[in-house]
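**Q** Show me the folded form of this:
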Amino acid sequence: MHDFTFLQRSRLALATGAALACLACAQHGAAQELNAPPVPVSAPDAPVPQSDDQIGFAADRLDYDSNSEVVTASGNVQLLREGNRLRADAVVWNRTTGKVEAQGNVSVTDPEGNIAYGDRFEVTDTLKDGVVDNMLLVLESGGRLAAARGERANGVYTLHKAAYTGCAVEDSDGCPKEPTWQIKAVRVVYDPVQARVRYTNANIEIFGLPLIPLPGFSHPVGGEGGNGLLVPNIRYDRTNGVEVALPYYLKLAPNRDLTITPHVYSGTLPMLEANFRHRWDRGAYQITGYATHASRQDASSSLPNATVSDESQKDFRGYLDASGGMQLTPEWSVNGSIRVVSDRTFLRRYDINRDDRLRSTLGAQRIGQNSYFSIAGWAVQTLRLGDSQGQTPIALPAIDYRLRMTDPLLGGRIQLQANSLAITRTHGQDTQRAFAAFEWNLRKLTGMGQEVTFTTYLRGDIYHSSDRGLNTIPLYAGDPGWQARGIAAAAVDVRWPFMGEAFGGVQRIAPRVQIVAAPRLANLSVPNEDARAIDLEDSNLFALNRFAGYDLFEDSTRITYGLEYSLSLPGFSLESVLGQSYRLNNRESILPDGTGLSDRMSDVVGRTTVRYKDFISLIHRFRLDKDGLSVRRNEIDATIGTRKTYALVGYLRLNRNAATGLEDLQDREELRLGGRVQFARFWSLYGSTVIDLTDAKEDPLSVADGYEPVRHRLGITYEDDCLTLGLTWRRDYQAAGDARKGNSYQLRLAFRNIGI
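**A** Coordinates of the predicted model:
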């Protein structure tokens, strides 16, 4: 049906471009307004003054036949009228009929910036309308249209036996090439005002193979977008069978859009997805929803060979995800989010995400130059199997205010803080808390180069709790009713860096010593809501309080010492820190076994970071037992390779010897591997795996055998300047209710410069 290719049109474009480039070398030219006496112009490309009804032109030679009223311009001809520009080797204009015929390396540029190339143009003397044979239309937005014959009337292009592509038609050396994909049609209409291309009897070709028929197809061009179908998503998994998702995009306004996506499955009932987005000058929000009427199976049922029966009871299942924010003034802003799902396995079954908790929030903030105020609230829906929703907290309100100022007496910085939190549970302990805090910091440099930081911290707390007996961990319950607590701490931190040249670079060695003094506190008399997870590591080694939250404060007088080292060479850097702390008082610690801080002498912690150019990045964190130097924490994250070919390695082993029954202190061992190999210019293989290596050595209560795969992923992808094509295989080894383990396959296809 089509007797042309983009390769042929590319050769024409190159020839035209070479001819146009020669215009810059012209030494002489003729120019005049065709409705006025001739006036000289110094160069063909010079702007020609004109009125709206006049044609300005420039050429090397001009011949005028007064008898036939025919004007012939030749040699680097340019015509300009009302923003339309024509260039050609020769132009013949009949002033009587108004017909203009351009010949040889012709190009016409419209006011929108679209450029039409051809062998021969017939246009009107307004340069707005015309006919061209063997046409190439280069759109200002980046796409290209080629046709055996083209017309332009009233600003609209109509092309016959045409093709469209968003791909480059030249390689890196400037030679013509066939595009990766193109849409061919019997007839194509392009309207620059609507920025849309419409096709008649079209089909899409990928790598020269006709694959997808597109009856009645149209799409926008440029970055504005428009109504229409988006690229479908095709995948297969064991639970739902074959899935076809076909998004339809609706542009409601320049700042609002809606995407509706039906998901059709071979193994279950269909699902509908909708996404609405709205942006304005002060903020934006988005709402995404999923809804279906499908079978639901008990989340506790995860037998290996279990299947979702069509005979089981069907019910509404869905998910809502909305978020947004608004900037009220330069200081004040509000934001919020809603995330709620009908049941605990919906997200995993339909492969939406793998979150195990959904958090909904609402808050307002004021951020000044030296102050911060926040009032917020949040609620959590747990998706963890075995967790009680009644034990999940609801925080409303959570208020925090901070004011920073300069100390007018001793110097340094002062920070004042006021904080309040109310936590409610539908079937658990309720807690209310309020405190006010004062912190003073002063940093000094001595004459010998030591960096000395003085810190003073004072705080007063008020707590109230009820339903203490519903707390599943008595250690965190505290005493019932009203409780008060005072906190005081002081610290001196000294760093003494030594720097000098070494190994062809710069070396820095910095010993560090910190002394912290704090009296005994009534920590166990107040509820513990936000300080349950603690683990000694390099990030909190020198912290004033090594608990993560406010409810517990480390009430020890201690000395912490460590060594920082760094080496910087051309293309290479090494950073390392090593440290330990010793508690000076002998009172019993509230820190449980396994944290590395339960005894007077802490474990040894450290971190090493190595980087070599952009090829190697290695981070190693560790914790060694203070007695036998047994490895209690061993964590490695490494990236090796280039952006095109690389390997990722992640390894974590926690062998903390922690007491059972405490949250976030379970030991485990895990291996994560990933990588990508580019084996051709546009082709690459990628893969990843997560393996649970936990056994009785790490967790005495574990029944794992030390090698339990969690997830494998393997894929192949093709990606160039205008097309992404990929196929991914994934195998999940963990099941939860009707979210079954097994294989899934996904086909990904994305076109660029097609208005998507």
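**Q** Every contact and neighbour count from this point should use C-alpha atoms.
**A** OK.
**Q** wait, Val156 sits on Gln194?
**A** No - using C-alpha atoms under 8 Å as the test, Val156 is too far from Gln194 to be in contact (9.8 Å).
**Q** Quick check on these two: which one has the bigger neighbour count.
**A** For the pair Val156 and Gln194, the greater number of neighbours falls to Val156 (16 against 11), based on other C-alpha atoms under 10 Å.
**Q** That one: what's it in contact with?
**A** For Val156, the contact set (C-alpha atoms under 8 Å, 6 or more residues apart in numbering) comprises Val189, Tyr190, Asp191, Pro192.
**Q** Selection in ChimeraX covering whichever of those residues are buried, please.
**A** For the buried members of the contacts of Val156, the matching ChimeraX selection, counting by 16 or more other C-alpha atoms under 10 Å, is:
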select :189,190,191,192
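**Q** From the contacts of Val156, which land in strands?
**A** Residues of those located in strands (DSSP state E): Val189, Tyr190, Asp191.
**Q** Can you lay out these as a markdown table showing distance to Thr109?
**A** As requested, the ones in strands among the contacts of Val156 are exported to a markdown table (distance: C-alpha to C-alpha, whole Å):
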| residue | distance to Thr109 |
| --- | --- |
| Val189 | 17 |
| Tyr190 | 15 |
| Asp191 | 15 |
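**Q** so can I have TSV of those residues showing distance to Pro270 and pLDDT?
**A** Below are those laid out as TSV (distance: C-alpha to C-alpha, whole Å; pLDDT from 0 to 100):
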residue	distance to Pro270	pLDDT
Val189	36	91
Tyr190	36	86
Asp191	37	86
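**Q** Now do the strands in the stretch 451-600 of the chain.
**A** Here the stretch 451-600 of the chain has its strands, by DSSP state E, counting those that start in this stretch, at 451-466, 481-495, 498-502, 505-517, 558-569, 572-583.
**Q** wait, the stretch 201-350 of the chain
**A** Per DSSP E, counting those that start in this stretch, the stretch 201-350 of the chain carries strands over the ranges 209-214, 218-220, 228-229, 233-237, 241-245, 248-253, 256-265, 271-280, 283-295, 314-327, 332-341.
**Q** If you average pLDDT over each of those, which is lowest?
**A** Mean pLDDT is lowest for strand 228-229 among the strands of the stretch 201-350 of the chain, at a mean of 76.
**Q** Give the pairing partners of that strand; include direction for each.
**A** strand 248-253 (antiparallel) (DSSP bridges).
**Q** between the partner strand and strand 256-265, how many degrees?
**A** 170 degrees (axes from the mean of the first three to the mean of the last three C-alpha atoms, to 10 degrees).
**Q** Could you give me the buried positions within strand 248-253?
**A** Within strand 248-253, the residues that count as buried by 16+ other C-alpha under 10 Å are Tyr248, Tyr249, Leu250, Lys251.
**Q** Just to check, the last one is in contact with Ile260?
**A** No - contact between Lys251 and Ile260 fails when scored by C-alpha under 8 Å: they sit 11.4 Å apart.
**Q** quick one: Asn471 from Gly571, how far?
**A** Relative to Gly571, Asn471 is positioned 54 Å away (C-alpha to C-alpha, to the nearest Å).
**Q** Please apply the same query to Ile212.
**A** 49 Å.
**Q** doesn't Ala163 fall inside a helix?
**A** No - using DSSP: H, G, I helix; E, B strand; the rest coil, the secondary structure at Ala163 is strand, not a helix.
**Q** Spatially nearest residue to it, not counting backbone neighbours?
**A** Nearest residue to Ala163 in three dimensions, chain neighbours excluded: Lys184, at 4.2 Å (C-alpha to C-alpha, 6 or more residues apart in numbering).
**Q** who touches the one you found in this structure?
**A** Neighbouring residues of Lys184 by C-alpha under 8 Å, 6+ apart: His2, Lys161, Ala162, Ala163, Tyr164, Ala202, Asn203, Ile204, Glu205.
**Q** The last one and Arg485, how far apart?
**A** When you say that, I think you mean Glu205. Look at Glu205 and Arg485: by C-alpha to C-alpha, they are 73 Å apart.
**Q** who has more neighbours, these two?
**A** The neighbour count for Glu205 versus Arg485, taken as other C-alpha under 10 Å, is higher for Glu205 (19 against 15).
**Q** shouldn't that one be in contact with Ala185?
**A** No - here Glu205 lies out of contact with Ala185, judged by C-alpha under 8 Å, at a distance of 10.9 Å.
**Q** May I have the beta-bridge partners of the nearest residue to Gly505 once chain neighbours are set aside?
**A** Excluding its sequence neighbours, the residue lying closest to Gly505 (C-alpha to C-alpha, 6+ apart) is Leu569, at 4.5 Å. Here Leu569 sits in beta bridges with Phe572, going by DSSP bridges.
**Q** related to what we said a few turns ago, kindly compare burial across the strands of the stretch 201-350 of the chain and name the winner.
**A** Mean neighbour count (mean count of other C-alpha atoms under 10 Å) peaks for strand 218-220 among the strands of the stretch 201-350 of the chain, with a mean of 21.
**Q** which other helices and strands contact it?
**A** strand 196-206 (3 or more C-alpha pairs under 8 Å, 6 or more residues apart in numbering; DSSP states H and E).
**Q** Now do the buried residues in the strand it packs on.
**A** Per 16+ other C-alpha under 10 Å, strand 196-206 contains these buried residues: Arg196, Val197, Arg198, Tyr199, Thr200, Ala202, Asn203, Ile204, Glu205.
**Q** Now do the residue nearest to Glu554 when sequence neighbours are not counted against Leu552, distance only.
**A** Nearest non-adjacent residue to Glu554, counting by C-alpha to C-alpha, 6+ apart: Asn545, 5.6 Å away. Asn545 is 9 Å from Leu552, where distance means C-alpha to C-alpha.
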